[in-house]
Each structure stands twice: as structure tokens, then as C-alpha cells.
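> Got a predicted model here, sequence first, then my questions.
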Amino acid sequence: MISVFDRLVAALRSASRVSVLTGAGVSAESGIATFRGAGGLWEGHRIEEVATPEAFAEDPERVWRFYEMRRRNARDARPNPGHEALAAMEGRFSEFLLATQNVDGLHRRAGSRNLVELHGSIARRYCVQCRRTEEDLEPLEMLPPVCPGCGGMQRPDIVWFGEPLPVAGWADAQDAARSAEVYLVVGTSAEVYPAAGLALVAADAGAAVFEINPAETALSPVFAGAIREPSGVALPRVVDALGGRTA
Ligand code: BV8
Ligand code: ZN
């Protein structure tokens with residue numbers, strides 16, 4: 001009986017088009033709490049209540065306290081071997097795209113370049129008046145921060161619940177899911193749409209879809225197989241097994 005791990009490695013060995021969807025679980029080993037693992041609460045409120053345009057309109061300072069806390073966590077965190085393995089995979093396939101739901105910037109810091117940040121980035125903020133954008137992870141002097149250009153209030157460049165995903169990034173992620181021969185779903189509870197739907201797009205288009213997650217998820221039944229290990233352990237093992245594979 002061939003193991004799921006060996007099936008995954010064999011599928012990757014013969015693939016030239018690979019795409020990956022990641023969620024908060026890939027950053028867990030960098031010390032960043034996941035949404036639903038950490039109870040998904042902030043000051044006693046569900047994330048879905050804090051990460052919305054309505055919450056921001058009602059109390060921008062409270063929402064900024066949530067994001068300043070997450071900016072500090074991201075600033076202090078380091079990419080883990082799972083992030084690094086995904087960055088290493090990029091160069092081994094003629095077509096590779098990593099679509100992440102994470103806003104912590106760790107994939108980019110690990111070296112991933114064929115990357116779509118489906119839900120924005122905690123390092124970016126923009127002025128609600130003139131849309132001027134700043135990008136840094138420095139501590140913010142005042143909350144809410146103000147635009148250095150026009151003095152308008154800035155908001156995080158994050159996709160909140162009820163907000164549309166970036167059009168270009170979403171299109172690229174969908175195209176990659178449609179054309180992938182192997183699709184990896186790593187560290188996500190697959191509860192947030194439309195991101196989670198990418199796994200269904202890949203499966204419907206005939207990709208071999210594998211899940212890397214210590215726990216079952218809503219989409220587990222759809223997948224060709226699951227590796228029930230932390231991504232920081234499983235992904236480096238997969239990359240090692242691919243050896244010096246060239247594109
Ligand atoms: C939209 C930015 C329309 C914020 C985020 C009812 C049914 C279905 C859908 C909806 C519904 N009601 C509303 C909706 C739509 C809604 C949605 O899906 N809601 C959910 C809650 C049901 N979606 C939206 O609103 C989206 N927009 O639909 O717009 C539209 C269209 C056009 C025009 C106008 C409007 C926007 C969704 C984006 C929301 N923003 N992030 C922020 O981060 O502060 S989502 C947020 O959840 C994060 O991005 C996070 O990544 C994402 C998903 O969570 P996960 O990443 O999966 O994390 P989670 O903690 O859940 O799971 C962690 C997993 O890791 C677990 O499985 C665990 O086992 C595993 N794990 C743990 N350790 C490890 C590990 N795995 C591997 N290794 C480990 N070591
Ligand atoms: Zn401005």
C-alpha cells in the first residue's frame with residue numbers, strides 16, 4: 001500500500017504545473033496564533049466581528065488595536081521551515097503559484113515570489129481619503145494612523161469580511177487552480193470563501209489535491225489524500241524527497 005506521502009511525491013515528480021493555497025496554520029510554527037485554534041477571539045469578539053468595514057466605521061481605534069497587535073506579532077515572527085520549503089518549491093516547477101490567505105508577510109520574507117496575498121497584507125495601509133499607501137511593519141505612533149499626504153485616516157490594506165478580494169490576484173489564483181496538475185492545501189480550515197473554493201476549482205479541473213494539516217477540515221473528503229502533520233515538518237520532507245529535481 002503506497003503511502004499518501006509517496007503518492008504526493010510521485011505526483012509532484014511528474015508535474016510541471018503546481019499551485020498551493022495556505023492559511024494561518026503554516027504560520028503557527030512561527031508563533032503566530034491561528035484564527036480558530038486560538039479561539040478566534042479578540043477582546044471577546046469573534047474575528048468576523050472585528051475584521052469588517054462596519055467594525056472599522058464604528059470604532060477605527062479598536063480595529064487598529066487589533067491590527068497593531070498582529071503587526072507586532074508579524075514583526076517579531078520569523079519564517080519557519082514550512083515557509084522556506086514552499087519558497088524552495090517555486091523554482092522546481094515551470095508553473096508555480098502560491099496563494100495565501102495569510103496577511104503576515106512570512107511567505108514573502110521566506111523568499112516566495114510567485115505569490116498572491118488573497119486577503120491583503122498587515123504591512124500595508126492606505127488613506128481612506130486619497131488612497132495613498134504606506135508599507136512597513138514599524139510600530140504606529142498613533143491609532144488610527146493618518147495619511148502623511150492629506151491627513152486623512154488610514155485603514156489596513158486587508159480584505160475584511162464582506163469585502164471583495166483583489167481582482168487581479170483572485171484571477172491569477174483561479175487560473176493556477178484550474179491548470180494545476182497538483183494542488184496543495186496547507187494549514188487552512190477551509191472555512192473562508194471564496195479562498196477555500198480554490199481547492200474545489202482545482203479538484204473539479206482534475207488536479208490531484210492533497211491536504212497538509214494535522215486536523216481534518218471541511219474539504220478533507222474532496223482531497224486525494226492528506227498528510228496529518230504540521231506543515232513545518234511535512235513540507236521540508238516533501239522538498240527533500242524531490243531531491244535535486246530540475247524544472
Ligand atoms: C466576500 C483578513 C463578497 C482579516 C480574512 C456564509 C457562508 C459562506 C460564506 C460566507 C457566509 N457569510 C459570509 C460569507 C463570506 C465570508 C466568509 O467566508 N465567511 C466565513 C467566516 C464563513 N467571506 C468574505 O466575506 C470574503 N469576501 O465574500 O466578499 C463580495 C464580493 C464582491 C463584492 C463585495 C463583496 C472575504 C473573506 C476574507 C476575510 N479576511 N483575513 C485578517 O486576517 O485580519 S479571513 C481570515 O480567515 C484569515 O485570512 C485566515 O487566513 C482566514 C482563514 O482562516 P485559516 O487561514 O484557515 O485559519 P484557521 O485558524 O481557520 O485554520 C487554521 C488551520 O491550520 C486549521 O485547520 C488547523 O488545523 C491548521 N493548523 C494548525 N497548526 C498547523 C496547521 N496546519 C499545518 N501546520 C500546522 N503547524
Ligand atoms: Zn491621504
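That came through, no problem. Numbers count the residues shown, from 1 in each chain. Ligands and ions are numbered 1, 2, ... in the order given.
> isn't residue 217 right next to residue 188, touching?
Yes: with contact defined as CB atoms under 8 Å, residue 217 reaches residue 188; the gap is 7.0 Å. C-betas here are computed from N, CA, C, even on glycine.
> out of those two, which sits in the more crowded spot?
residue 188 (28 against 21; other CB atoms under 10 Å).
> Same question for stretch 185-202: list its buried residues.
Neighbour counts over stretch 185-202 (16 or more other CB atoms under 10 Å) mark 185-190, 192, 195-202 as buried.
> now swap in stretch 60-80 and tell me
So for stretch 60-80, counting by 16+ other CB under 10 Å, buried means 60, 62-68, 70-71, 73-74, 77, 79-80.
> separation between residue 158 and residue 191?
18 Å (CB to CB, to the nearest Å).
> One more: residue 101?
10 Å.
> burial measure for the residue lying closest to residue 2 once chain neighbours are set aside, as a count.
Closest residue in space to residue 2, ignoring its immediate chain neighbours: residue 10 at 7.9 Å, by CB to CB, 6 or more residues apart in numbering. Look at residue 10: counted by other CB under 10 Å, it has 14 neighbours.
> Quick check: residues of this structure near ligand 2?
With CB under 5 Å from the ion as the criterion, the chain comes near ligand 2 at residues 127, 129, 130, 132, 147, 149, 150, 152.
> please redo it, this time with the cut-off set to 8 Å
127-132, 147-152, 154 (CB under 8 Å from the ion).
> Any idea which helix or strand in the chain has the lowest mean pLDDT?
Within the chain, no helix or strand scores below strand 41-42, which has a mean of 71 by mean pLDDT, DSSP states H and E.
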